[in-house]
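S.K.: Next input, structure requested:
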Amino acid sequence: VQLQASGGGLVQAGGSLRLSCAASGLPFSNYGWNWFRQAPGKEREFVAAISRNDGTTTHYADSVKGRFTISRDNAKNTVYLQMISLKPEDTAVYYCAATFAIAFMSRDMVYWGKGTQVTVSS
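M.R.: Modelled structure (predicted):
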């Protein structure tokens, strides 16, 4: 199983980025997908989740509601995180993760990607 996250970078506050996580080696549509992030000196935290199959259910951390959108493309085996109105406090390494059912805790994730750095300058 491989999860390849991409799309991170340096952006000014108020800007946008779209993260992608391409998965291989597993039945993509059977899994729920999550994004987590970890800022320097802080614990990894939940960002967003999308349910398996058609992804009709999504959940977001309060800190990103209204600014981030998680989506999935089962044909491309890819999950996305569209981020708008970025703030300096969004600076972190962002990780994608797979779970058997919709879940929000790190311990419930089955597979993890290696992360992509997002840096938001003020």
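S.K.: measure the residue most central in space within the chain to residue 122 for me?
M.R.: Centroid check for the chain by Cα atoms, centre = their mean gives residue 35 as the closest residue, at 2.5 Å. Note on residue 35: its distance to residue 122, by Cβ to Cβ, to the nearest Å, is 23 Å. The way it works is simple: take the backbone N, C-alpha and C, and place the C-beta from them, glycine included.
S.K.: Residue 61 now?
M.R.: For residue 61 relative to residue 122 (Cβ to Cβ), the value is 21 Å.
S.K.: rewinding a little: mind listing what the residue nearest to the centre of the chain touches?
M.R.: With contacts defined as Cβ atoms under 8 Å, 6 or more residues apart in numbering, the neighbours of residue 35 are 19, 21, 47-49, 68, 70, 79, 81, 94-97.
S.K.: Mind doing that once more with 10 Å?
M.R.: Residues in contact with residue 35, defined by Cβ atoms under 10 Å, 6 or more residues apart in numbering, are 5, 19, 21, 46-50, 60-61, 64, 68, 70, 79-81, 83, 94-97, 113.
S.K.: same deal with residue 85?
M.R.: By Cβ under 10 Å, 6+ apart, the neighbours of residue 85 are 13-16, 64, 66-68.
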